[in-house]
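Undergrad: Provided below for reference: sequence and predicted model.
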Amino acid sequence: MSSGRKVAVIGAGLAGLWTAYHLARRGYEVTVYEKEYPGYGASSRAAGILSLQLPVPLLKYAMEALDHYSWVGVRETSTIWVPRRELCRCAEAVAAELRRLGAVAEVMKLDEVDGLLRGEGEKAIFMMQGLVNAGDAVNALTKVLAERGVAFRGGQVTSRGGRLYFDGSPIEAEAYFVAAGPWTSSLVKVNLRLYRCSAHSVEGERVPNMIVEDDVNEFYVVPESGKRAIVGGPDSTLSRPEDGFRYEPSEPYEVLERVSRRMPVAELMRPMSSWSAPCASGPDSLPVVGEVDDRIYVIAGLDGAGLTLSPALSRLLVEIAEGTADEDPLLSPARKALDGPLEPFDSICVGLS
């Protein structure tokens, strides 16, 4: 792939926009194809966490996000992460790697936190994570790309006979970068697990001034503004992406019930609004980044961490296409783990007693 040639990016979520950004900076003539609008799907609905609650091999990519989003505005926020008991050693390994990378991450007892959280000596990880307005990030990237001459075309992209078509006509390009989120599997041969991401804005007289990510009770809380917070609960499996935009009116109350097990003040919180979108991951919960066919490259399966991982993984993808970077074996589309379930924390635990 040579600089200055035409390339196509399919998908204008954060993964597609960052891929287009790295390509445009390298001098390629970029066209972005999107059926709806930039940020459609999970990107513009993200809670905004630049998450460091990730498998150890992904942390080096996550740390890049802090620099990439600095021009949007990153708010550093205290975080309490409560891992399940059987994953405590894995969580400690994450904390150790974050410290090695220069981030703040310490192991503590949950009852050492202020009286907002209920705990009985459980282990927790204290971290400093970033918060970004995902909608602002999408808008800023779109503006930068337009200034760099990147073309946006709205319409349906389909696959037939190993070729990609836009509104029925073949897309002519030197290389194709598919960043279509949960719709990726309909365009290229890659195995993805589909599920629904959802979040709810709630209001109460007292909300936490920190992020709380509780794996035991399966919820997260993100401080929003004033007396509001964003809460989310467990994800549900999807058979088709379109169903990811649907949720039941009772869901925010069910999530608040989970939150109240750890945070009693949640009993006085009330739902204000809700939103959801389809998300995807590899069957082993790790992203898929690399070449899947001749001149067809994919970045997919970011597992709800697209805001965090897109800047670095899209850069890696472009460098793979240029031949200046080796494929990461943990993320390669050819890895054997895509054929069966393997949670990423399993690999973190290898060698830990």
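TA: Ah, there it is.

Undergrad: Show me the residue at the heart of this protein, geometrically.
TA: Note on the chain: the residue nearest the mean C-alpha position is A305, at 1.7 Å, using C-alpha atoms, centre = their mean.

Undergrad: So what's the predicted local confidence for that one?
TA: Model confidence at A305, given as pLDDT, is 93.

Undergrad: Now it: closest residue in space, sequence neighbours ignored.
TA: S51 (5.3 Å; C-beta to C-beta, 6 or more residues apart in numbering). Where you see a C-beta, it was placed from the backbone N, CA and C, and this is true even at glycine.

Undergrad: isn't the residue nearest to the centre of the chain right up against L52?
TA: No. Between A305 and L52 there is no contact, the gap being 9.8 Å when judged by C-beta atoms under 8 Å.

Undergrad: Give me the common contacts of the two.
TA: Common contacts of A305 and L52 (C-beta atoms under 8 Å, 6 or more residues apart in numbering): A62.

Undergrad: Could you list the low-pLDDT ranges of the chain?
TA: 1-4, 114, 340-353 (pLDDT under 70).

Undergrad: distance of the residue nearest to A305 from T184?
TA: Counting by C-beta to C-beta, to the nearest Å, the separation of S51 from T184 is 21 Å.

Undergrad: got the buried residues for the longest helix anywhere in the chain?
TA: Longest helix in the chain, counting residues (DSSP state H): helix 306-322. Neighbour counts over helix 306-322 (16 or more other C-beta atoms under 10 Å) mark 306-318, 320-322 as buried.

Undergrad: ditto for stretch 259-269
TA: Buried-residue list, stretch 259-269, by 16+ other C-beta under 10 Å: 259-260, 262-263, 265-266, 269.

Undergrad: distance between the ends of that stretch?
TA: Using C-alpha to C-alpha, to the nearest Å, one end of stretch 259-269 lies 10 Å from the other.

Undergrad: contact partners of it?
TA: The contact list for stretch 259-269 (C-beta under 8 Å, 6+ apart) reads 82, 116-119, 202-208, 212, 214, 216-217, 219, 221, 229, 231, 256.
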